[in-house]
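Peer 1: below: sequence and its predicted model.
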Amino acid sequence: MKHVFENFVEIVKRLRKECPWDKEQTHMSIRHNLLEETYETIETIEENNFTELKKELGDILLHVVMHSIIAEEEKKFNLEEVIQLEIEKLIRRHPHIFGNVKVNNVLEVKQNWEKIKLQEGRNSILDGVPIELPALQKAFRIQDKTAKIGFQWENKDDAWKKVEEEISEFQNEVKTNDENKIEEEFGDILFALVNYGRYLNINPENALRKTNKKFISRFSFIESELKKIGKKVDESSLEEMDTLWNKAKKKLKSF
């Protein structure tokens, strides 16, 4: 294992020196590639495709090593420091494993985790929530973090009442035609729904990704069926497409 990893690092270092493309890259130039690789990895997990997951994890590892080597070249830090810091953090944030702290359940583990992060110098419980995180996932993370210190409804029924309240406020704003207020209230509905889903152990990003996949599958079925009779979707009526949509729902039950 050690030999394989060291060989991998040496290969990346050589690419930085000899490959015209690799040696031109910076933290900024490949930052979006790291995001793409992360999404591709998530996709293989959702598809339960371990052959591709193995490949995608390697791609993410490449980015970790590449960024570390670039930083070393700039005399900022090196790969060994990255690994050492992570080791120290894992030990520090798991006192119930590496220390004498006793915990009774997962909730207490999470609560301790947040307390330790505050002790590490963070000013807010919300520090560390990435700015660029997709909005639904960010809402989930914000609510999850604040819930750990007790800032949440007592039960899911109260959380649902908040959803209904936000829907009512949204409907009232729609009547005013004030686009800014309408958008704001629509955001409030989404935020409240994310919170309600949290009580049901639903991750909103995962849920919406599945729905998107389902929609694409069913709409592709509509396009395929119309193509068989020589028609395109923009040449078809809503009634025709709706009939095929219902057919797709029955045929593609796995989606």
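Peer 2: Yes, it's here. Numbers count the residues shown, from 1 in each chain.
Peer 1: after the lowest-mean-pLDDT helix or strand in the chain, next one along is what?
Peer 2: Using mean pLDDT, DSSP states H and E, helix 106-119 stands out as the lowest-scoring helix or strand of the chain, at a mean of 86. Next helix or strand after helix 106-119 toward the C-terminus (DSSP states H and E): helix 135-147.
Peer 1: could you give the angle of the least confident helix or strand of the chain to helix 135-147?
Peer 2: If you take axes from the mean of the first three to the mean of the last three Cα atoms, to 10 degrees, helix 106-119 sits at 90 degrees to helix 135-147.
Peer 1: neighbouring contacts of helix 106-119?
Peer 2: Residues outside helix 106-119 that contact it (Cβ atoms under 8 Å, 6 or more residues apart in numbering): 92, 93, 95, 96, 101, 103, 125, 127, 128, 145, 148, 149. All C-beta spots, glycine's among them, are computed from the backbone N, C-alpha and C.
Peer 1: name the nearest residue to the spatially most central residue of the chain, ignoring sequence neighbours.
Peer 2: Taking Cα atoms, centre = their mean, the centroid of the chain lies closest to residue 137, which sits 5.7 Å from it. Among residues not flanking residue 137 along the chain, residue 205 sits closest, at 4.2 Å (Cβ to Cβ, 6 or more residues apart in numbering).
Peer 1: on that earlier part again, how about the least confident helix or strand of the chain as CSV, C-alpha atoms only?
Peer 2: Extracted in CSV, the C-alpha atoms of helix 106-119 (Å, rounded to 0.1, in the frame of the first residue of the first chain):
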residue,chain,number,x,y,z
VAL,A,106,-25.1,9.2,17.1
LEU,A,107,-26.7,12.5,18.1
GLU,A,108,-24.3,12.9,21.0
VAL,A,109,-21.4,12.2,18.6
LYS,A,110,-22.7,15.0,16.3
GLN,A,111,-23.1,17.4,19.2
ASN,A,112,-19.6,16.8,20.4
TRP,A,113,-18.3,17.2,16.9
GLU,A,114,-19.8,20.7,16.6
LYS,A,115,-18.6,21.7,20.1
ILE,A,116,-15.1,20.6,19.3
LYS,A,117,-15.2,22.7,16.0
LEU,A,118,-16.1,25.8,18.0
GLN,A,119,-13.3,25.1,20.4
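Peer 1: pull out the buried positions in that helix.
Peer 2: Neighbour counts over helix 106-119 (16 or more other Cβ atoms under 10 Å) mark 109, 111, 112, 114, 116, 117 as buried.
Peer 1: can I get those residues in TSV including distance to residue 185?
Peer 2: Output for the buried residues of helix 106-119, formatted as TSV (distance: Cβ to Cβ, whole Å):
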residue	distance to residue 185
109	36
111	33
112	37
114	30
116	37
117	33
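Peer 1: which residues does the helix or strand containing residue 13 contact?
Peer 2: Element membership for residue 13, per DSSP H and E: helix 2-18. Applying Cβ under 8 Å, 6+ apart, the external contacts of helix 2-18 come out as 22, 23, 61, 62, 65, 66, 69, 70, 73, 79.
Peer 1: now, those residues that are in strands?
Peer 2: Counting by DSSP state E, no part of these is found in strands.
Peer 1: can you tell me the SS state at residue 170?
Peer 2: The assignment at residue 170 comes out as helix when based on DSSP: H, G, I helix; E, B strand; the rest coil.
Peer 1: still on that earlier bit, so how far is residue 207 from the residue nearest to the centre of the chain?
Peer 2: When distance is defined by Cβ to Cβ, to the nearest Å, residue 137 is 11 Å away from residue 207.
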